[in-house]
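Trainee: coords please:
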Amino acid sequence: MASRLTNEATDATPDLLPAPGRHRSMLFPRRRTTPRTARNFVVATLTEWGETSRLDDMRLCASELVTNAVLHGAPVGRLVLVCVGSLDDQLRIEVHDAGDDTPIRRDPGESAPDGRGLLIVSAMADIWGVKERTGPGKCVWAAFDRNTGPQGDTT
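Mentor: The predicted structure is shown next:
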């Protein structure tokens, strides 16, 4: 029987952000309102930590990554785990879900109504990727250098 994301933090610990620095995680249900709630969690965490240099970029990317997890990643009845980290030289968002599909960046047509989420993440984050989890699913992450704009541009 396949395991599920649970409320037990010990089950997820090996797949979370590296140990040095500050970290905060929260589980969210797979609901239409989850992207907004998760985005607010990311913003509140970064603001509390005084990490506001890339706040707008991270807010947008959190929204896109969680939306993808809710729409395409997390099976019905499963949870989405959102992790925020303040590491040595960067800030990082991770979104874990129990879905099997690996997200891919698409190049939608000009009139396509969707399909731009990972294009937005690619434009705003300094680097992003997908990694396997110990249990089911995957982790999609985005990292942001503290003192630069998107793709390493200084602002």
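
Trainee: all helices for this protein, in order.
Mentor: Remark: helices assigned in the chain by DSSP state H are 9-12, 34-49, 55-68, 117-124.

Trainee: In the chain, what residue spans correspond to strands?
Mentor: Counting by DSSP state E, one finds strands in the chain at the ranges 22-29, 79-86, 90-97, 127-132, 138-145.

Trainee: can you put those strands in JSON lines and add distance to residue 67?
Mentor: Backbone N, C-alpha and C define where each C-beta goes, glycine included. Shown next, in JSON lines, are the strands of the chain (distance: least, CB to CB, whole Å):
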{"stretch": "strand 22-29", "distance to residue 67": "12"}
{"stretch": "strand 79-86", "distance to residue 67": "10"}
{"stretch": "strand 90-97", "distance to residue 67": "10"}
{"stretch": "strand 127-132", "distance to residue 67": "15"}
{"stretch": "strand 138-145", "distance to residue 67": "11"}
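
Trainee: mind checking which of those is nearest residue 47?
Mentor: Nearest to residue 47, of all the strands of the chain, is strand 79-86, at 11.0 Å by CB to CB.

Trainee: Residue 66 touches residue 27, doesn't it?
Mentor: No: using CB atoms under 8 Å, residue 66 is not in contact with residue 27; the gap is 11.9 Å.

Trainee: Compare the strands of the chain and give me the one nearest residue 52.
Mentor: strand 90-97 (10.0 Å).

Trainee: now for that closest one, which elements pack on it?
Mentor: Applying 3 or more CB pairs under 8 Å, 6 or more residues apart in numbering; DSSP states H and E, one finds that strand 90-97 contacts helix 34-49, helix 55-68, strand 79-86, strand 138-145.

Trainee: Give the rounded mean pLDDT of that strand.
Mentor: Mean pLDDT, strand 90-97: 96.

Trainee: Skipping adjacent residues, who's closest to residue 131 in space?
Mentor: Spatial nearest neighbour of residue 131, chain neighbours left out: residue 139 (5.0 Å); criterion: CB to CB, 6 or more residues apart in numbering.
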